[in-house]
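Participant: Sequence below, structure please.
(2 chains)
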Amino acid sequence: DSGVTQTPKHLITATGQRVTLRCSPRSGDLSVYWYQQSLDQGLQFLIQYYNGEERAKGNILERFSAQQFPDLHSELNLSSLELGDSALYFCASSVAALASGRNEQFFGPGTRLTVL
Amino acid sequence: DAKTTQPPSMDCAEGRAANLPCNHSTISGNEYVYWYRQIHSQGPQYIIHGLKNNETNEMASLIITEDRKSSTLILPHATLRDTAVYYCIVRVEADSNYQLIWGAGTKLIIKP
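Facilitator: Purely as a prediction, here's the structure:
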């Protein structure tokens, strides 16, 4: 158990809909990262937040957005869903955002999104 | 784009050492090499990381070549539970921040 929690575990929805994925980081971790993993692919970095502020953006679509709240939990919002958005979505957390020291990312169990 | 190249799959006998190679020929001097593994669609698990020197922890050893263009992850006594996809990742720095650039990984199968 990494200490990172994600809800829901599974989500099935229809094209055109909007969903929200939730992530709670490990206690004490200020940085949250979101990743997308399509079937049999590596992880694609989407976005990172540090202590409530957006820190880095990866290959995140304009239909997707995220935020990190004062209690440090984060939400990933996916709108106008398409079939191709079906994937595993992982959240990870780390102590800091700065490129120093150990600072490995701890991953949650993921949310499996299926768009029909 | 990923900065690492790994074989897509490997087999290893249970109880033997599993040696997973990774090429990162374009790595910069301050970029770390990280290894994670992912067991059957679970969240990836951190294994080890290094910059220049070889590293060892309770899970594995990391051997980095002197020119830093390649590295090898060693699982000393592989068990069936080590069957997973292993990702070799370069940590890229940008504006005092960093990102992990993930490739496709190596699917390691431990055979009885």
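Participant: Point out where the chain drops to low pLDDT.
Facilitator: Answering for chain A, as no chain was given. A:96-103 (pLDDT under 70).
Participant: Chain B, not that one
Facilitator: B:1-2, B:94-97.
Participant: quick one, what contacts the nearest residue to B:His77 once chain neighbours are set aside?
Facilitator: Closest residue to B:His77 apart from its sequence neighbours, by C-beta to C-beta, 6 or more residues apart in numbering or on different chains: B:Gly15 at 5.9 Å. No exception for glycine: its C-beta is placed from N, CA and C like everyone else's. By C-beta atoms under 8 Å, 6 or more residues apart in numbering or on different chains, B:Gly15 lies in contact with B:77-79.
Participant: now, which of the residues you listed sits nearest chain A?
Facilitator: Nearest to chain A among those is B:Thr79, at 19.9 Å by C-beta to the nearest C-beta.
Participant: So that closest one sits against B:Arg16, correct?
Facilitator: No. Shown here, B:Thr79 and B:Arg16 do not form a contact pair, counting by C-beta atoms under 8 Å, at 10.4 Å.
Participant: rewinding a little: highest neighbour count among the contacts of B:Gly15?
Facilitator: B:Ala78 (21 neighbours; other C-beta atoms under 10 Å in any protein chain shown).
Participant: Now for it, which secondary structure element holds it?
Facilitator: For B:Ala78, there is no helix or strand it lies in under DSSP states H and E.
Participant: Would you agree it is in contact with B:Arg16?
Facilitator: Yes. The pair B:Ala78 and B:Arg16 passes the contact test of C-beta under 8 Å, sitting 6.0 Å apart.
Participant: Quickly note the distance from the nearest residue in space to A:Leu116 that is not next to it in sequence to chain B.
Facilitator: For A:Leu116, ignoring the flanking residues on the chain, the nearest one in space by C-beta to C-beta, 6+ apart is A:Ala14 at 5.6 Å. Going from A:Ala14 to chain B by C-beta to the nearest C-beta, to the nearest Å gives 23 Å.
Participant: list the contacts for A:Ala14?
Facilitator: A:81, A:115-116.
Participant: Report how many residues lie close to whichever residue of chain B sits closest to chain A.
Facilitator: Chain A sits closest to B:Gly43 of chain B, with a gap of 3.3 Å, by C-beta to the nearest C-beta. When neighbours are defined as other C-beta under 10 Å, B:Gly43 has 22 of them.
Participant: leaving aside the residues next to it on the chain, what's closest to it?
Facilitator: B:Gly43 sits nearest to A:Phe107 (C-beta to C-beta, 6+ apart), 3.3 Å away.
Participant: number of nearby residues for that neighbour?
Facilitator: A:Phe107 has 23 nearby residues by other C-beta under 10 Å.
Participant: Please list all residues in contact with it.
Facilitator: Neighbours of A:Phe107 in contact, by C-beta under 8 Å, 6+ apart: A:2, A:4, A:90-92, B:43-45.
Participant: Report the separation between it and B:Gln45.
Facilitator: With distances defined as C-beta to C-beta, to the nearest Å, the gap from A:Phe107 to B:Gln45 amounts to 7 Å.
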